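Enquirer: Show me how the following folds:
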Amino acid sequence: MDKTGVSRRHFFFGSVLAGAVPAAGFGSTPSLKMMGYKSPNEKLNIAAIGAGGKGASDIRACRPENIIAMADPDDKRAERTFKEYPDTPKYKDFRKMLDKHEKEIDAVLVSCPDFMHATASMWAMSRGKHVYCQKPLTRTVWEAQQLTLAAQKYGVATQMGNQGYSNEGARQCCEIIWSGEIGNVTEVHAWTDRPGHYWPQGPEVSPAEAPVPETLDWDTWLGIADLRPYSPAYVPHNWRAFPDFGCGAIGDMACHIMGTPNMALKLGAPTSVECLKKEGVSKYTFPHRTVIRFDFPARGAMPPVKVFWHDSLTAQPEFDQVPKGELLGDSDINGSLFIGDKGMVTTGCYGERTRLVPAAKMQDYKMPEPVLTRSPGHYRDWIRACKGGEPSCSNFNVAGPFVQWMLLGVIAMKFEGKLEWDAQKGIFSNNPDANRYLKPTFRKGWKFV
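Expert: Okay, the predicted model is just below:
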């Protein structure tokens, strides 16, 4: 410690944290105490877009509030949730629900397939409704940009459903890295076992046409997407394998697993992205297995860093620097590894089980003093923001830029070689053909706002 009373460790924290944690919390926004906000003790009136699958658990997590309306085009998928709320109005088309109950709704849960996230969220925000949108927030980069701008324009409280941002371990990982314990981080690896046994993806998948089930409104389910025959390959949950509907394993898991690297390393926008490996290339779906590399420039005191995404793994990746068995167990093959010039740290899917590598380093190790606020829970964090509290940790100011760089990896799967990203112009500078995947098309009859 020098004569000023500032330790070298504190100095490292200060220089790294400059700009990392806004004064108003994660992702500062203008005050949410606008006309119509509720007191902390008053319940929100919440409408749900998507009531089956993940929508069911999102609704369940918000049960202490008032669930006043639901929309889902698939009665079979939503059946269980519908039965739990027998007196709640139900709709096939969320647009009709929002129009009918606009004056009653305070906030909206968006839990439909990826390709409809942005449209549903925009319809809600443009009506002044707070929004909790499932990951990966949007299917395209342009949509993520638009939602970020819209959240600011309409002054609503937002949150993306990547729970790891609220995890204690994710914040501890940030604090370990910011303390200088592992030195300068120049390489990160993130991995998942998806798609694996979770959904079929690869050359064996073909969307064979079949009769539309009586319980499904296929036209409404398709939303902004181009018309096509119904196939059970799409509905109810395998849609994420198809580029028109989902974002593959990146859309399913990267928002969780790469959330800690994004937060800890203040990643911003990359300079390039490249799909280094593709196995099981398909005419209809994403490849069965990929390895994608993102290159990020220096960020303040942090040096340039390479971030690698590995999907469809049946065992955790092996690294020359890591002793066998030092990473997370094979029962949950989702995690990340930070490689610094003085050491390594690893985390699980949601930032859980954060620890130094090798594990022997944890014996006498004391976690750094907290510098990040702790979360009351991912849903409660958003609900608190809806009622005028501080911005939630993964609000669209935070989630939008994060999702934008991840979605560049989805586009990279379609091309050979490195794609150079011009963040200022928002385009690929060396591949005009890749730029056509930055924005979706909208089927006639559907509008973004």
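Enquirer: what's the burial count for the nearest residue to G50 once chain neighbours are set aside?
Expert: In space, and not counting its chain neighbours, G50 is closest to S111: 3.5 Å by C-beta to C-beta, 6 or more residues apart in numbering. For every residue, glycine as well, the C-beta is placed using N, CA and C. When neighbours are counted by other C-beta atoms under 10 Å, S111 registers 24.
Enquirer: Who are the contact partners of S111?
Expert: With contact taken as C-beta atoms under 8 Å, 6 or more residues apart in numbering, S111 is in contact with 48-51, 53-55, 58, 134, 161.
Enquirer: mind redoing it with 10 Å?
Expert: Taking C-beta atoms under 10 Å, 6 or more residues apart in numbering, we find S111 in contact with 48-59, 72, 117, 120, 132-134, 161.
Enquirer: which among these end up buried?
Expert: 48-56, 58-59, 72, 117, 120, 132-134, 161 (16 or more other C-beta atoms under 10 Å).
Enquirer: quick check, A151 in a helix?
Expert: Yes - according to DSSP: H, G, I helix; E, B strand; the rest coil, A151 belongs to a helix.
Enquirer: Tell me the pLDDT of it.
Expert: Looking at A151, its pLDDT stands at 97.
Enquirer: Helices along this protein, start to end?
Expert: For the chain, the helices defined by DSSP state H occupy 8-17, 54-61, 75-84, 94-100, 114-125, 141-154, 168-178, 218-222, 248-249, 255-257, 259-265, 378-386, 396-412, 432-435.
Enquirer: Deepest-packed of these, please.
Expert: helix 248-249 (a mean of 30; mean count of other C-beta atoms under 10 Å).
Enquirer: Who are the packing partners of that helix?
Expert: Helix 248-249 sits against strand 289-296, helix 396-412, with contacts defined as 3 or more C-beta pairs under 10 Å, 6 or more residues apart in numbering; DSSP states H and E.
Enquirer: what would those look like in TSV with mean pLDDT and distance to G248?
Expert: Formatted as TSV, the helices and strands packed on helix 248-249 follow (pLDDT from 0 to 100; distance: least, C-beta to C-beta, whole Å):
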stretch	mean pLDDT	distance to G248
strand 289-296	98	8
helix 396-412	98	7
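Enquirer: okay if I get those as TSV plus distance to Y365?
Expert: Output for the helices and strands packed on helix 248-249, formatted as TSV (distance: least, C-beta to C-beta, whole Å):
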stretch	distance to Y365
strand 289-296	28
helix 396-412	29
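Enquirer: does Y365 really touch I182, like I thought?
Expert: No - between Y365 and I182 there is no contact under C-beta atoms under 10 Å: 11.5 Å.
Enquirer: Now do the shared contacts for these two.
Expert: With C-beta under 10 Å, 6+ apart, Y365 and I182 have common neighbours 176, 356.
Enquirer: Between those two, point out the one with more neighbours.
Expert: I182 (19 against 12).
Enquirer: Check the gap between that one and L337 for me.
Expert: Relative to L337, I182 is positioned 11 Å away (C-beta to C-beta, to the nearest Å).
Enquirer: what residues are shared contacts of those two?
Expert: With C-beta under 10 Å, 6+ apart, I182 and L337 have common neighbours 344-345, 357.
Enquirer: Just the buried ones out of the residues you listed, please.
Expert: If we count by 16+ other C-beta under 10 Å, the shared contacts of I182 and L337 have these buried: 344-345, 357.
Enquirer: Including pLDDT and distance to Q201, could the residues you listed go into a markdown table?
Expert: Shown next, in a markdown table, are the buried ones among the shared contacts of I182 and L337 (pLDDT from 0 to 100; distance: C-beta to C-beta, whole Å):
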| residue | pLDDT | distance to Q201 |
| --- | --- | --- |
| M344 | 97 | 31 |
| V345 | 96 | 31 |
| V357 | 95 | 31 |
